[in-house]
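*Asks:* next come a sequence and a model predicted from it.
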Amino acid sequence: MTAPLVAIVGPTASGKSALAVRLAERLGGEIVACDSTQLYRGFDIGTAKPSPAERRAVRHHLIDVLEAGESATAGDYRQRAITVLEDLRRRGRLPILTAGTGLYLRALLEGLADAPLRSEVLRERLRKSAAVHPPGHLQRILRKLDRAAAERIAAADEQKLIRAIEICLLARRPVSEVHREGRAALSGWRARKIGLAPDRAALYERIHARLDAMLAAGWLDEVRRLMASGLPEAAKPFDFIGYGELRAHLRGKMKMEDAKSAIAQATRRYAKRQMAWFRREPDVVWLSGFGDEPAIQQEALRRLEALGVSPGLNDAQPRSV
RNA sequence: GGACGGGUGGGUGAGUGGUUAAAACCAGCAGACUGUAAAUCUGCCGCUCCUUGCGGGCUACGGAGGUUCGAAUCCUCCCCCGUCCA
């Protein structure tokens, strides 16, 4: 017995939240954020969390579930999401994922390999060792552990090399082998994916307009408050787009004008990376427009209906597995 | 009017006779990515042709001439910008 699940994918500022709310109201659904930044409590404006009004209108999940000091992982996200999905299934509600973080969506839908969790101790050792050795050190280590994996990862990609070495060492066998054993895809659900693909120039305009709106909504005060709250300097969410720049500005290290253009630029690049990722996502029904446009919302509803997702039917559709 | 300094590819900016379509950085474009993913990394980045090659042709370092086998690099004049002196 499988039930439908809707996933809305698309770049930042493409209107995923607005579309999700609309679909949830029409289809009897609840929203499950699939976004690595909205997980964090307190970082609200810059991560473009759904508005209080939207959150009142429709129930949202997996927003504000972590403290700033904690750090999210794809595996952890998957666990939490599965728990939420089971709850929705029990209550006969349609899950609507708003997916900005491609890796998390993939981790949920396709699963992750049964690989060891990250070890901060080991990572720290590797990082230190890389710092005192000539370039290419990590790749040489990985080459000894797993030649194929070493060839796939660029010598400069310290982050991925460390993860690969970590898996080899902790699992006591090559990463390639661990990955080859496959991953446990999500079962019991049929994912129906809607992709938002607005015109590039229009998207960039939205990004700029949204940045102004975020600042007008008090983003800077939010950052000031977060800084004053005693969070560690290195807290993960300060790496999110905008938070670092605004913090630098508040410390007098960056002019507001420069901070703004840096934020806009980082956001545009982020949007591009999201588009590159989602282009490869299988079985996406692409709509060329923004999720808050009525025409796009109508089209999304039509297409979902064609895929067997309709109002009132979601908990009643018999399915052969 | 005079004395210097400077004008380089979308931007910043190296380069002072040949291995230079021109360093580097930024921007831009494309891409990779199975536990940091709003992260991390890679490629391309004057135009054009093809047999896609450490391939051919064309255009390019303010403008016009000149020197030279060869010039972004040297010379002459002109234009523009900056600083200083009148």
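*Replies:* Nice, I can see it. Here the structure is a predicted model, which is why all the values come from computation and not from measurement. Numbers count the residues shown, from 1 in each chain, chains lettered A, B, ... in the order given.

*Asks:* so who does A:Leu301 touch?
*Replies:* A:Leu23, A:Arg26, A:Leu27 (C-beta atoms under 8 Å, 6 or more residues apart in numbering). The way it works is simple: take the backbone N, C-alpha and C, and place the C-beta from them, glycine included.

*Asks:* cool, and A:Lys236?
*Replies:* A:Tyr40, A:Ala68, A:Gly69, A:Glu70, A:Ser71, A:Ala72.

*Asks:* near RNA strand B, which residues of the stretch 51-200 of chain A?
*Replies:* By C-beta under 7 Å from any atom of the strand, the residues of the stretch 51-200 of chain A that approach RNA strand B are A:71-76, A:100-104, A:106-107, A:112-115, A:117-118, A:123, A:154, A:156-160, A:162-163, A:167, A:179-180, A:182-183, A:200.

*Asks:* give me the contact list for stretch A:15-22.
*Replies:* Contacts for stretch A:15-22 (C-beta under 8 Å, 6+ apart): A:8-10, A:31, A:48, A:50, A:54, A:57-58, A:96, A:98-100, A:194, A:196, A:198, A:290-293, A:296-297, A:300.

*Asks:* may I see the PyMOL selection of the buried members of the residues you listed?
*Replies:* The buried subset of the contacts of stretch A:15-22, as determined by 16 or more other C-beta atoms under 10 Å, is captured in PyMOL by this line:
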select buried, chain A and resi 8+9+10+31+48+50+54+58+96+98+99+100+194+196+198+290+291+292+293+296+297+300
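
*Asks:* mind checking which of the contacts of stretch A:15-22 are in helices?
*Replies:* A:Glu54, A:Ala57, A:Ile296, A:Gln297, A:Ala300 (DSSP state H).

*Asks:* most widely separated two among those?
*Replies:* A:Ala57 and A:Ile296 (18.7 Å; C-beta to C-beta).

*Asks:* name the SS class of the closest residue to RNA strand B within chain A, please.
*Replies:* Per C-beta to the nearest atom of the strand, A:Gly75 is where chain A lies closest to RNA strand B, at 2.2 Å. With DSSP: H, G, I helix; E, B strand; the rest coil as the basis, A:Gly75 sits in helix.

*Asks:* ok, it - contacts?
*Replies:* Taking C-beta under 8 Å, 6+ apart as the test, what A:Gly75 contacts is A:Ala107, A:Leu112, A:Leu117.

*Asks:* quick one: which of those is most hemmed in?
*Replies:* Using other C-beta atoms under 10 Å as the neighbour criterion, A:Ala107 leads the contacts of A:Gly75 with 22 neighbours.

*Asks:* hmm, that one is touching A:Ala74, no?
*Replies:* Yes: assessed by C-beta atoms under 8 Å, A:Ala107 is found in contact with A:Ala74 at 4.1 Å.
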